[in-house]
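S.K.: Whatever this is, show me its structure:
(chains A and B)
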Amino acid sequence: MAEKIILIPGRSSKQGTSLNQGKLKDEYIAVTSTLEMNQDDMDRLKLVDGDEVRLINDVGETIVRCLGKKPEDLPHGTAFIPYGPPSSQLMASDTAGSGMPLSKHMEVEIEKISA
Amino acid sequence: MSENIKIVKNATCTFCGCVCDDMELHVDLDENRIVKTKKACVLGKAWFLEHTIEKDAHAAMIDGKKVSMEEAIEEAAQTLVKAKFPITYGLSDSTSEAQRQAVAISDIVKGNVDTTSSVCHGPTGMAFQGVGESTSTLGEVKNRADLVIYWGANPAESHPRHFGRYSVTAKGMFTPNGKKDRTVVIVDVRKTKSSPVADINIRPKIGKDFEILWALRALVKGKKVADDIEEQTGISLETLEDLVERMKNCRFGVFFFGMGLTMPRGRHFNTGALLALATDLNEFTHFVAKPLRGHGNVTGADNVVSWQTGYPFSVNFNRGYPRFNPGEFSTVDLLSKGEADAAMIIASDPASNFPKKAIEHLKSIPVISLDTKSTLTSKDAHVAFRVSTYGINTTGTVYRMDDVPITLNPAFDSPFPGDEEVLKGIKKRVQELMLARHNANGARGEAKVAAARIQE
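M.R.: Purely as a prediction, here's the structure:
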């Protein structure tokens, strides 16, 4: 069943080091396709580390793998993903007259992809 | 590793806006690669050690086929001149010398120039214009700051040496004990690798930064704040009052702020509120606010575009003079609305990072790409130039995040040209083509003289 979460794309050390190897290389693709989630949310959605989930909003959808974080580190109902092509798939083009697309705190639906 | 090792001292890392200029690099001249770094952070190490000269890469390609540099420059110039609305985008991983060439090309073809600032600290640039900037160098922060507040930023992962070189553990003239002489506050919606550094961690509700900043402004001015502030923002009144007392009573306070303020809803209102708070605090003490800039020379891009056009980014030359309007002349908007009909992308990868709609349009128009590595943008480019890496292979000037210019000390030569050299070639040819076009219609005055000179 799909559930709504707030997605926070951002920078991470691994994203920074892997982009130096090349954005078309496996490590960068893997890093930018890893979704960090509140472990309690993962338990509720019956997800374990490495499970594939689909993120969907009005703009598009993308498939990523989830990774649990301590509930006190990431607020309930939020998830973090390093910037990259998957997060761009969910970014709306409207900039509200600022030039900056809404790139953080995006509301998306998350659903488990059955094995 | 061969024995033909060259040691480069005081090299500069251009991976992030810290632009650390105290690196020691060990270069294997036989293999053309850096084999050891001293003083580099995890990002800097990857920046230097992963830098290789790809032997099978071509310096110039048209539609995926290898061509001569002259052919590629001709095709790039023709593409820009034939377009009705050519745009230039990127620039924050180029030297300032290359940036000025790119601005000149945009001016000549009456196109549009925008930098990655527009999807980074563009909202900060807009707030600077509206509110003003209480600023300082990072040297002043190191020597004087006793209250350091990071807001919506995670420097431990984005700018790993920021703490040690400038703001937390750095020992300065009036901060001889480093961290012991400072209070560090981090405001972030989630726990990050930066959080352990802070004396005080403030974790607001998501999307409530503006409300908190405005409440702090009210408290600084001695006004009453609504009783339900904690319910609204997730931060108690006691915490806010404590922070206000610390801010008013410090000797030298500094805000460092990041994408946590510029990228969510509110954008330039969030950054404007923070800059206004810094201004308010100068009634009581010395307080400054600095954006944490991401790319190595994004600050240079703001400076160069500003000194050449009067505006920092999102600048349009369609009418023959510069106009500034983010939301209209910003690249995401121009592409998403399908307005641009050719694009020159320099040291950036919008095909990877932009919204889907903008990427779709980018893929439908001819793209000229200048990059040091293969990217989604360069892979599909009509004309693709492989250029050398600034700071590692080419010299030039970059601006640190506090607007201090630094000269680059390159480590070894590259078979690929620098982006300044390529852009100079495109500029020369674009100028010739535009003058020929004017001359054909009966050039007058200076244009006629310039056209005659070219024909000579």
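S.K.: Show me what residue of chain A gets nearest to chain B.
M.R.: Residue of chain A nearest chain B, by CB to the nearest CB: A:Gly99 (2.8 Å). All C-beta spots, glycine's among them, are computed from the backbone N, C-alpha and C.
S.K.: Which helix or strand contains that residue?
M.R.: Taking DSSP states H and E as the definition, A:Gly99 sits outside all helices and strands.
S.K.: now it, nearest residue through space, not along the chain?
M.R.: Using CB to CB, 6 or more residues apart in numbering or on different chains and skipping residues adjacent in sequence, the residue nearest A:Gly99 is B:Ser330, 2.8 Å away.
S.K.: Settle this for me: that neighbour is touching B:Pro312, isn't it.
M.R.: No. In this structure, B:Ser330 is not within contact of B:Pro312 by CB atoms under 8 Å, at 11.6 Å.
S.K.: related to what we said a few turns ago, could you give the backbone dihedrals for the residue of chain A closest to chain B?
M.R.: Main-chain torsions, A:Gly99, degrees, to the nearest 10: phi 90, psi -20.
S.K.: wait, it sits on B:Thr116?
M.R.: No. If you go by CB under 8 Å, A:Gly99 and B:Thr116 don't touch, sitting 10.8 Å apart.
S.K.: between the two, who's got more neighbours?
M.R.: Between A:Gly99 and B:Thr116, A:Gly99 has the larger neighbour count (other CB atoms under 10 Å in any protein chain shown), namely 28 against 25.
S.K.: any idea how far that one lies from A:Gly22?
M.R.: Note on A:Gly99: its distance to A:Gly22, by CB to CB, to the nearest Å, is 28 Å.
S.K.: B:Asp280 too?
M.R.: Distance, B:Asp280 to A:Gly22, by CB to CB: 46 Å.
S.K.: do the same with A:Glu3
M.R.: From A:Glu3 across to A:Gly22, the span is 35 Å (CB to CB).
S.K.: Can you verify B:Glu421 is assigned to a helix?
M.R.: Yes. With DSSP: H, G, I helix; E, B strand; the rest coil as the criterion, B:Glu421 is located in a helix.
S.K.: who touches stretch B:133-143?
M.R.: B:148, B:165-167, B:170, B:172-175, B:252, B:254, B:275, B:278-279, B:282, B:287-290, B:400-404 (CB atoms under 8 Å, 6 or more residues apart in numbering or on different chains).
S.K.: So which of the residues you listed belong to helices?
M.R.: Mapping these onto helices (DSSP state H) picks out B:275, B:278-279.
S.K.: residues near residue 69, how many?
M.R.: Went with chain A since none was named. For A:Lys69, using other CB under 10 Å, the count is 19.
S.K.: could you do chain B instead?
M.R.: 14.
S.K.: likewise B:Val113?
M.R.: Neighbour count of B:Val113, defined by other CB under 10 Å: 33.
S.K.: From B:Ser330, how far off is the residue located most distally from the centre of chain A?
M.R.: Computed with CA atoms, centre = their mean, the residue of chain A farthest from its C-alpha average is A:Gly97, at 25.6 Å. As judged by CB to CB, A:Gly97 and B:Ser330 stand 9 Å apart.
S.K.: What of B:Asp181?
M.R.: Plainly put, B:Asp181 is 42 Å away from B:Ser330 if you go by CB to CB.
S.K.: From A:Met37, how far out is B:Lys39?
M.R.: Counting by CB to CB, the gap between B:Lys39 and A:Met37 amounts to 36 Å.
S.K.: Do you know the pLDDT at the residue in the stretch 301-450 of chain B that chain A sits nearest to?
M.R.: Chain A sits closest to B:Ser330 of the stretch 301-450 of chain B, with a gap of 2.8 Å, by CB to the nearest CB. pLDDT, B:Ser330: 98.
S.K.: Next one: it from B:Ile365, what distance?
M.R.: Separation of B:Ser330 from B:Ile365 (CB to CB) stands at 17 Å.
S.K.: before we move on, what about B:Ile206?
M.R.: Noted for B:Ile206: a distance of 37 Å to B:Ile365, by CB to CB.
S.K.: what do you get for B:Asn409?
M.R.: From B:Asn409 to B:Ile365 the distance is 38 Å (CB to CB).
S.K.: next one: B:Cys16
M.R.: On the measure of CB to CB, B:Cys16 and B:Ile365 end up 31 Å apart.
S.K.: Those two - which one has more neighbours?
M.R.: With neighbours defined as other CB under 10 Å, B:Cys16 and B:Ile365 compare such that B:Cys16 has more, 26 against 18.
S.K.: can you tell me the helix or strand for B:Phe210?
M.R.: Per DSSP H and E: helix B:209-220 holds B:Phe210.
S.K.: Where do the strands of chain A begin and end?
M.R.: Using DSSP state E, the strands of chain A run over A:3-10, A:34-38, A:52-56, A:61-69, A:78-82, A:106-112.
S.K.: Next: the stretch 51-200 of chain B.
M.R.: Taking DSSP state E, counting those that start in this stretch as the criterion, the stretch 51-200 of chain B carries its strands at B:60-62, B:65-66, B:86-90, B:112-115, B:147-151, B:183-187, B:200-202.
S.K.: Next, count neighbours for the spatially closest residue to A:Phe80 that is not a sequence neighbour.
M.R.: What sits nearest to A:Phe80 in space, not counting adjacent residues and going by CB to CB, 6+ apart, is A:Glu36, at 4.3 Å. Burial of A:Glu36 is recorded as 21 neighbouring residues (other CB under 10 Å).
S.K.: didn't A:Glu36 look like it was pressed against A:Thr78?
M.R.: No. In this structure, A:Glu36 is not within contact of A:Thr78 by CB under 8 Å, at 9.3 Å.
S.K.: which helix is the longest one in chain A?
M.R.: helix A:13-21.
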